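**Q** turn this into a structure:
(chains A and B)
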Amino acid sequence: MLDVAIRRLDGSTAVDLGRPTAPALPVYPALAGVLPGGLRRGSTVSVAGSISLVLALLGAASAEGAWCALVGFPLVSAEAAREYGIELSRLAVVPHPGTAWTTAIGALLDAVDVVAARPQRIVPGDVRRLGARARNRDSVLMPVLTTADAPWPGADVRLRAQGGRWAGIGAGTGRLRARELDVTAEGRGPAARPRSASVWLPAAGGGVAVPERLAPVVELAG
Amino acid sequence: MTAPQRMIAVWCPDWPVTTSRLEARLALDTPIAVVTTNHVVACSHAAREAGVRRGLRRREAQARCPDLTVLDRNEAAEARTFEPIVTALESIAPGVEITRPGLAAVAARGPTRYFGGETGALHAVVRALAGLPAGLGADLLVGIADGAFAAEQAARRGVIVAAGGSAGFLAELPVETLDPSGTAPLIDLLRRLGLLTLGAFAALAPRDVLARFGPDGAWAHRQAGGRDDRPVSARRPPVEFAVTLDLEPPVDRVDTVAFSARGVAEQFVADLAAHGLACTCLQLQARSEHGEQVVRRWRHSGVLGTVDVLDRVRWQLAGWLAGPARPTGGVSQLRLVPVEAVPTATHQQALWGGGGVEDERARRALARVQTLLGHGSVLTPVLDGGRDPGQRTRLVPWGDEPVPLRSPEQPWPGHLPAPAPSVLLDPPRPAQVLDEAGRAVVVTARGAVPHPPARFGFGSAAPVAVTSWAGPWPVDERWWNAELARQVVRCQLVDVRGRAYLVSATLAADGPPRWQVEAIYD
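**A** Alright, predicted model coming up:
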């Protein structure tokens, strides 16, 4: 099979005639502002700052039939996963991959569409190998970091959740209803221009939504 | 057209009677009738002498023979008790074909050559059958003819039909021979057409028979002419679909076991397929030489083929032999039990994607990771019912059936409304929920909070300011049971960094409540 790729010096692809591009995995409309093309297959998308954001990213893909895996995460609530649209029968959880975490992620990338993983220790060789595996297999590698971590070196898109203004809760009144979260995306290639959006994550009743803008008040004559 | 195969048929007359007699432990000369749906399907010799016939109603049979023992038909038992005879036949030649319990046939060619002529083969058959347990007490008739149908008829009469003489042998028999119950519309029609013998029926042109009577008629026509080249339909007894593999000496390598298991896996799938069934859920039992065992159920999105069964054998053993609960000795026995089977016609993989190739690929890869990391390391979440967020999520090993313990559909009054916290702490971690003065926040018995929370921290982090909070919501669970009773209050807190937590406190009569973090809204 003809496999021609011309790359720029910085590693980005200029011409690629080799592989037919698989359709990207969908994202929820509220997140389309930061990920305009969805989750591109074969890419590495790192997420920092919020596990809800990870679940929301998996949710839209899972609802469309994609398989997802969570590697090295603390106990993620099945209820929250369901609220974000994840089909639990297509979600695999590997809580303690141990020392074999790169092997486990590599094996999962072979067949699962999105692998969200919390790396234990970032080794440049592993980063490169896992990125290449994802590219070969048309799956999405999603390293999940905390805001304190160094950024994932090979990421095509780096998503970062910041802020967090909770609505519905007061001083001893109400309850947690929704959170407004600022999500920024930066990266390389098509994602080089930083984008940011403010989303309800979780939205009221669960899931993710665009914060509604208040309609301007129009004075009616008479 | 190929010439019909020469067959040796063994027929046990009144096999349903023999089986029922053995099951009920009755004497040989008891008059017995076996009935289904109130009609006699078989009767013993003693009953026949008293006038009982097939097809009689139960009452009528009892009227003709007052001391008649009436038994229900048990087809599974018939097949089971027929097994010794099949085994005895198999000791002479492989490929025994069981038409139905009570009638078996084996191709004559092999044994005839091996034992030096048909007489020698018959002697061998008789010797093998003579070794059966005497308690069977069954009559056995043996016949040889060309073609299965002719062989059956020969066995019923205990004769040997010379090679090529099947058509002549069958020609004299009445058409009712084709269907002994005499209820088939074809027989009735043939009789009314004046075709009273098989020979007369066989003399018709095959094309005309096919045109007038359809495929069934054409098949009956070929049988009548002694030209049935279809082998007798193979039938396995439906007693047990489970298969067992004994390993001697015990084996401690997964690959070796999987290699040895190929035969039983094939047998397992073929047994079910022969009954028009396919397995969708399989129970695998492995036992070590020291008696430890592991039992696991494997459900499959499609139907389990031989390769799938072997994969699961490999996966389960890999997890077991390398896992924390590894056996002290090698694997000595493996048993495959079908838990759920579907008729083959009803199960079909989805046409486009969904539930098809992609899902199968993902399942395989997950199972591979499972062999890599151990069976219990790849999990899948199950949504359970419950009031605590921690109760509502449960992880089960991948491949096990994800069945909720408690239905999540029930209302569960008192559970937190959506949105649910994304990260659960299991077990909950001790936390500091402090008021302005730096003391643990107190909740009164009436659920009031005299001093609201001002600072919050858990783990090694220093407490930070709380910007907003909600609660406390009391949970008073199982107050009727002194041991399981639980009285806690829950609060939601948002700290100054915008992170929200679900905290709970167990109410104690003396001293400040013990606060802990149950979940994080990360």
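
**Q** who's in contact with the nearest residue to residue B:195 once chain neighbours are set aside?
**A** Spatial nearest neighbour of residue B:195, excluding adjacent residues (C-beta to C-beta, 6 or more residues apart in numbering or on different chains): residue B:201 at 4.8 Å. Quick note: C-beta positions are derived from backbone N, CA and C, even for glycine. By C-beta atoms under 8 Å, 6 or more residues apart in numbering or on different chains, the contact list for residue B:201 reads B:175, B:190, B:195, B:220, B:221, B:224.

**Q** so residue B:201 is in which element?
**A** Per DSSP states H and E: residue B:201 is located in helix B:198-202.

**Q** likewise for residue A:181?
**A** Applying DSSP H and E as the criterion places residue A:181 in strand A:174-187.

**Q** which parts of that strand are buried?
**A** By 16 or more other C-beta atoms under 10 Å in any protein chain shown, the buried positions in strand A:174-187 come out as A:174, A:176-187.

**Q** same deal with stretch A:68-79?
**A** Buried residues in stretch A:68-79, counting neighbours by 16+ other C-beta under 10 Å, are found at A:68, A:69, A:70, A:71, A:72, A:73, A:75, A:76, A:77, A:78, A:79.

**Q** how about the nearest residue to the most far-flung residue of chain B relative to its centre, chain neighbours excluded?
**A** Distance from the centre of chain B peaks at residue B:437, with 66.8 Å (C-alpha atoms, centre = their mean). Once flanking residues are discounted, residue B:437 sits nearest to residue B:451: 7.1 Å by C-beta to C-beta, 6+ apart.

**Q** now swap in residue B:173 and tell me
**A** Leaving aside its sequence neighbours, residue B:173 sits nearest to residue B:198 (C-beta to C-beta, 6+ apart; 4.9 Å).

**Q** where does chain A have its least confident helix or strand?
**A** Counting by mean pLDDT, DSSP states H and E, chain A has its least confident helix or strand at strand A:13-16, which shows a mean of 55.

**Q** quick one: what helix or strand has residue 70 in it?
**A** Just so you know, I chose chain A. Using DSSP H and E, residue A:70 sits in strand A:68-71.

**Q** wrong one, I was asking about chain B
**A** Element membership of residue B:70 [criterion: DSSP H and E] is strand B:69-72.

**Q** again with residue B:367
**A** Residue B:367 belongs to helix B:357-373 when elements are defined using DSSP H and E.

**Q** pull the residues that contact that helix.
**A** A:65, A:67, A:69, A:90, A:92, A:94, A:97-98, A:100, A:103-104, A:107-108, A:110-112, B:301-302, B:311-312, B:314-315, B:318-319, B:377-378, B:397-399.

**Q** what angle sits between the helix or strand following it and helix B:357-373?
**A** Under the assignment DSSP H and E, the closest C-terminal helix or strand after helix B:357-373 is strand B:379-383. Strand B:379-383 and helix B:357-373 meet at an angle of 120 degrees, taking axes from the mean of the first three to the mean of the last three C-alpha atoms, to 10 degrees as the criterion.

**Q** the helices in chain A, which residues?
**A** Per DSSP state H, chain A carries helices over the ranges A:51-63, A:78-83, A:101-109, A:124-137.

**Q** for the ones you listed, could you give me JSON lines that also reports mean pLDDT?
**A** Formatted as JSON lines, the helices of chain A follow (pLDDT from 0 to 100):
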{"stretch": "helix A:51-63", "mean pLDDT": "91"}
{"stretch": "helix A:78-83", "mean pLDDT": "91"}
{"stretch": "helix A:101-109", "mean pLDDT": "85"}
{"stretch": "helix A:124-137", "mean pLDDT": "87"}
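
**Q** looking at the ones you listed, which is closest to residue A:33?
**A** Ranking these by proximity to residue A:33 (C-beta to C-beta) places helix A:51-63 first, at 13.0 Å.

**Q** what does the closest one rub up against?
**A** Contacts to helix A:51-63, defined as C-beta under 8 Å, 6+ apart, come from residues A:25-28, A:31, A:35, A:39, A:45, A:47, A:68, A:70, A:73, A:76, A:80-81, A:84-87, A:90-91, A:113-114, A:116, A:140, A:142, A:144, A:159, A:161, A:179, A:181, A:183, A:201-202, A:207-208, B:422-423, B:521-522.

**Q** point me to the helix or strand that includes the nearest residue to residue B:458 once chain neighbours are set aside.
**A** Excluding the flanking residues, the one nearest residue B:458 by C-beta to C-beta, 6+ apart is residue B:431, at 3.8 Å. Assessed by DSSP H and E, residue B:431 sits inside strand B:423-434.

**Q** the very next helix or strand once past that strand packs against which elements?
**A** Using DSSP H and E, the helix or strand that follows strand B:423-434 in sequence is strand B:455-458. Contacting strand B:455-458 under the criterion 3 or more C-beta pairs under 8 Å, 6 or more residues apart in numbering or on different chains; DSSP states H and E are the following elements: strand B:423-434, strand B:464-477, strand B:500-506.

**Q** pLDDT of strand B:455-458, averaged?
**A** When pLDDT is averaged over strand B:455-458, the result is 89.

**Q** re the thing from before, which of the buried residues of strand A:174-187 come close to chain B?
**A** Restricting the buried residues of strand A:174-187 to those near chain B by C-beta under 8 Å from any C-beta of the partner chain leaves A:174, A:176, A:177, A:178, A:179.

**Q** looking at those residues, which is nearest residue A:129?
**A** Once C-beta to C-beta is applied, the member of these that ends up nearest residue A:129 is residue A:179, at 36.1 Å.

**Q** list the contacts of the closest residue to the closest one other than its chain neighbours.
**A** Distance criterion C-beta to C-beta, 6+ apart; nearest residue to residue A:179, sequence neighbours excluded, is residue A:166 at 5.1 Å. Residues counted as contacts of residue A:166 (C-beta under 8 Å, 6+ apart) are A:176, A:177, A:178, A:179, B:468, B:494, B:498, B:500.

**Q** mind running it again at 6 Å?
**A** By C-beta atoms under 6 Å, 6 or more residues apart in numbering or on different chains, the contact set of residue A:166 is A:176, A:179, B:494, B:500.

**Q** I'd say the first one and residue B:493 touch.
**A** No - contact status for residue A:176 versus residue B:493: not in contact, 9.5 Å apart, counting by C-beta atoms under 6 Å.

**Q** could you say which helix or strand holds residue B:114?
**A** With DSSP H and E as criterion, residue B:114 is part of helix B:109-115.

**Q** from the chain's centroid, how far away is that helix?
**A** 38 Å (C-alpha atoms, centre = their mean, to the nearest Å).

**Q** and the residue of the stretch 401-522 of chain B closest to chain A?
**A** Nearest to chain A, among the residues of the stretch 401-522 of chain B, is residue B:498, at 3.1 Å (C-beta to the nearest C-beta).

**Q** what about that residue, how many residues nearby?
**A** Neighbour count for residue B:498, taken as other C-beta atoms under 10 Å in any protein chain shown: 16.

**Q** pLDDT wise, what is it at?
**A** Turning to residue B:498, the model gives it a pLDDT of 85.

**Q** thinking again about what came up before, now tabulate the helices and strands packed on strand B:455-458 in a markdown table and tack on mean neighbour count and distance to residue B:46.
**A** Formatted as a markdown table, the helices and strands packed on strand B:455-458 follow (neighbours: other C-beta atoms under 10 Å in any protein chain shown; distance: least, C-beta to C-beta, whole Å):
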| stretch | mean neighbour count | distance to residue B:46 |
| --- | --- | --- |
| strand B:423-434 | 18 | 73 |
| strand B:464-477 | 18 | 70 |
| strand B:500-506 | 22 | 79 |
